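1. Here is the input, now give the coordinates:
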Amino acid sequence: MTQHLTPDELQSHIDKLPRMNIAHLPTPLEEMPRLTERLGGPDIWIKREDMTGLAYGGNKARHYEFEMPHVAEEGYDVMINIMDYHSNNARMTAAAANKIGMRYILVLRNAANRNVQGNLLVDKILGAELHLLDEYQSGDAEGYATKLKEELEAEGHKPYLIQDHLFPRIVGMVGFVQAGIEILEQINENNLKNVHIIGVAGRSLCGLIVAAKAMGLDWKFTGVTVNYDVPLDGYIFQHNEDLKKALDLPVTFEKSDMRVLDQYVGEGYGVMTAQVNEAIHIAAQTDAIICDPNYTGTAMAALIDQIEEGGFSDDETVIFLHTGGLPAVFTFADQLAGFKGKI
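-> I've put the predicted structure just below:
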């Protein structure tokens, strides 16, 4: 039988890793009373990871508290990142790189000839060195970035191509093991019972699962997939032992720890469904919560649908994990407004 850790004991495991203060913490845990009333189901709360600061906020701020010290200490002098043109990750990595004075090269798929709006605009303002790939080039974005890396190495630089490293896949989980300690304190302060956390199926939920298991908590978890092209086995589940090793913990996450909902993706990542569009408007017009079209909007659509279909028990306290993504709203302005042009 696994011996459970106290919050202080779990914190001591996290504190063994280098860390710098980037995120605005703790983020609020708030009620969503009007959405709760509208849906007539369990009490809904929201963990506001959209309020972490760092260029409009998001869950990645917790990641970079651990990743940026690692990159700097290893002597890298330029970061290279491969993302989609509307990526939240791309924006927040640019901001974190600025925090440590690191040169940042951003290779963006399907970005050529796009309007400079949303995350792409913020990338530009932050000074990222943008490589805007067309549809043809995007098919081998990894090869394109590798060539850039080799050119930099020939010039005497030490480039850090994020996609080549295991550490970035782990620190996102580490940051949310930390968040689990934070959420526990807030749950206790508000005397919440029978907790069920829902959010995008990814590293953030995995970190919370590990925190809950390490501290012996009975929280339940539901993850919502947002992408057909990134199987969860390779993206998160195969790294459960890596996280366990990194933090020297007696437990880790397993597939069975998370209910996964994959029916809300629609046509694929970056293509907003009518259901997601409606969910974004509902969250905004009830409790003034803005969700993004790719991640939190999909998770919000799942939350609303699941409550309407009886997917949660009425005696549960449902906590929605809002992982940010606000600038992407502007990229999808025409769809969200329902038409093109001026109002």
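2. distance of residue 261 from residue 45?
-> 19 Å (C-beta to C-beta, to the nearest Å). Where you see a C-beta, it was placed from the backbone N, CA and C, and this is true even at glycine.
3. again with residue 165
-> 35 Å.
4. other SSEs contacting the helix or strand encompassing residue 334?
-> Under DSSP states H and E, the secondary-structure element containing residue 334 is helix 333-337. Packing contacts for helix 333-337, counted by 3 or more C-beta pairs under 8 Å, 6 or more residues apart in numbering; DSSP states H and E, involve helix 274-287.
5. and for the helix it packs on, what are the contacting residues?
-> By C-beta atoms under 8 Å, 6 or more residues apart in numbering, the list of residues contacting helix 274-287 from outside reads 30, 32-35, 38, 46, 264, 266, 289-293, 297-298, 300-301, 303-305, 329, 335-336.
6. Tell me which of residue 261 and residue 45 has more neighbours.
-> residue 45 (24 against 21; other C-beta atoms under 10 Å).
7. does that one sit in a helix, a strand or a coil?
-> Per DSSP: H, G, I helix; E, B strand; the rest coil, the local secondary structure of residue 45 is strand.
8. Quick check, it in contact with residue 322.
-> No - counting by C-beta atoms under 8 Å, residue 45 stays clear of residue 322, with 10.5 Å between them.
9. Just the ones of the contacts of helix 274-287 in helices?
-> The helices, defined by DSSP state H, take in 33-35, 38, 297-298, 300-301, 303-305, 329, 335-336 from these.
10. Would you check which pair of those lies furthest apart?
-> Using C-beta to C-beta, the ones in helices among the contacts of helix 274-287 reach their maximum pairwise distance at 33 and 335, which is 28.6 Å.
11. When those two are compared, which one has more neighbours?
-> A count of neighbours by other C-beta under 10 Å puts residue 335 above the other of residue 33 and residue 335, at 16 against 13.
12. any idea of the pLDDT on residue 343?
-> Among the per-residue scores, residue 343 holds a pLDDT of 51.
13. My error: substitute residue 306 in the last question.
-> We have a pLDDT of 98 for residue 306.
14. residues contacting it?
-> By C-beta under 8 Å, 6+ apart, the contact list for residue 306 reads 198, 222, 261, 312.
15. same deal with residue 107?
-> Contact partners of residue 107, counting by C-beta under 8 Å, 6+ apart, are 80-83, 131, 133, 141, 144-145, 148.
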